[in-house]
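Undergrad: build me a model:
(2 chains)
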Amino acid sequence: DSGVTQTPKHLITATGQRVTLRCSPRSGDLSVYWYQQSLDQGLQFLIQYYNGEERAKGNILERFSAQQFPDLHSELNLSSLELGDSALYFCATSGGGTGELFFGEGSRLTVL
Amino acid sequence: GQNIDQPTEMTATEGAIVQINCTYQTSGFNGLFWYQQHAGEAPTFLSYNVLDGLEEKGRFSSFLSRSKGYSYLLLKELQMKDSASYLCAALRDPSGGSYIPTFGRGTSLIVHP
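TA: Modelled structure (predicted):
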């Protein structure tokens, strides 16, 4: 158990819909990263927050957005969903130091 | 830009030794991670190298050469449970102040009896 909690674990929805994925970091971790993992792409970095502020952006689509709240939990919002958005979405947190990431169990999104 | 390459798949025999290579080209490089990921599960941390050389941790060792942009993960005394995907990740700081682990596509290791 990494101490990082993600909900929901599984989500099935239709094209055009909007979903919100939630992540609760390990106690004391200020940095939250979101990654998307699909079969053909591996782990793709989406976005990072640190103590409530956006720190870095990767290959995140404009249809996707994220935020980190004062209690440090984070949400990833995916809108106008397409079939290609079906993937495993991981949240990971880091307490600093080496930058080692602790991953949540992921949210598996299926868009039909 | 960044580019991280590792073999797609490797097979090995239980009890043997296997070496998984990773080459990287990335700006703002600040270290190299190896993670293990079983199918359908979250990646878990194995090792981190920031300086050149070999880091040993039980049956697993990791090597880094910064000048060559090269790392490997060495797994000894292979067990069936080592069948998993092994992810190489370069820690980079592209814009100053924020370290981002960038992952390769992973090497699927199959250990057979």
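Undergrad: list the contacts of B:Val111.
TA: Listed by Cβ atoms under 8 Å, 6 or more residues apart in numbering or on different chains, the contact set of B:Val111 reads B:11-14, B:78-80, B:82-83. For the C-beta atoms, the positions are set from N, CA and C on the backbone; glycine is no exception.
Undergrad: dump the helix or strand containing it to CSV, keeping only the CA atoms.
TA: If you go by DSSP states H and E, B:Val111 is part of strand B:107-112. These are the backbone C-alpha positions of strand B:107-112, laid out as CSV (Å, rounded to 0.1, in the frame of the first residue of the first chain):
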residue,chain,number,x,y,z
THR,B,107,10.2,-3.9,-20.8
SER,B,108,7.9,-6.9,-20.3
LEU,B,109,10.0,-9.6,-18.6
ILE,B,110,8.7,-13.2,-18.8
VAL,B,111,10.3,-15.6,-16.5
HIS,B,112,9.7,-19.3,-17.3
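Undergrad: parallel or antiparallel, list what pairs with it.
TA: For strand B:107-112, the paired strands and their directions (DSSP bridges) read strand B:9-13 (parallel), strand B:84-92 (antiparallel).
Undergrad: nearest to A:Leu21, of those strands?
TA: strand B:84-92 (21.0 Å; Cβ to Cβ).
Undergrad: dump the helix or strand that comes right after that closest one to CSV, keeping only the CA atoms.
TA: Using DSSP H and E, the helix or strand that follows strand B:84-92 in sequence is strand B:100-103. The C-alpha trace of strand B:100-103 is given here as CSV (Å, rounded to 0.1, in the frame of the first residue of the first chain):
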residue,chain,number,x,y,z
ILE,B,100,9.4,15.4,-13.8
PRO,B,101,10.0,11.6,-14.1
THR,B,102,9.6,10.7,-17.8
PHE,B,103,9.0,7.1,-18.5
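Undergrad: ok, is strand B:100-103 in contact with chain A or not?
TA: Yes: Strand B:100-103 is in contact with chain A by Cβ under 8 Å from any Cβ of the partner chain, via B:100-103.
Undergrad: out of the residues you listed, which are buried?
TA: Buried by 16 or more other Cβ atoms under 10 Å in any protein chain shown: B:100-103, out of those.
Undergrad: other residues contacting the worst-scoring helix or strand of chain B on mean pLDDT?
TA: Lowest on mean pLDDT, DSSP states H and E among the helices and strands of chain B sits strand B:2-5, with a mean of 85. The contact list for strand B:2-5 (Cβ under 8 Å, 6+ apart) reads B:22-27, B:88-90, B:92, B:102-104.
Undergrad: list buried residues within those residues.
TA: With neighbours counted using 16+ other Cβ under 10 Å, those contain these buried positions: B:22-24, B:26, B:88-90, B:92, B:102-104.
Undergrad: got the residues you listed as CSV, with pLDDT columns?
TA: Putting those into CSV (pLDDT from 0 to 100) gives the following:
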residue, pLDDT
B:Cys22, 97
B:Thr23, 97
B:Tyr24, 95
B:Thr26, 82
B:Cys88, 96
B:Ala89, 95
B:Ala90, 93
B:Arg92, 84
B:Thr102, 91
B:Phe103, 94
B:Gly104, 93
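Undergrad: state the pLDDT value of A:Asp40.
TA: pLDDT, A:Asp40: 73.
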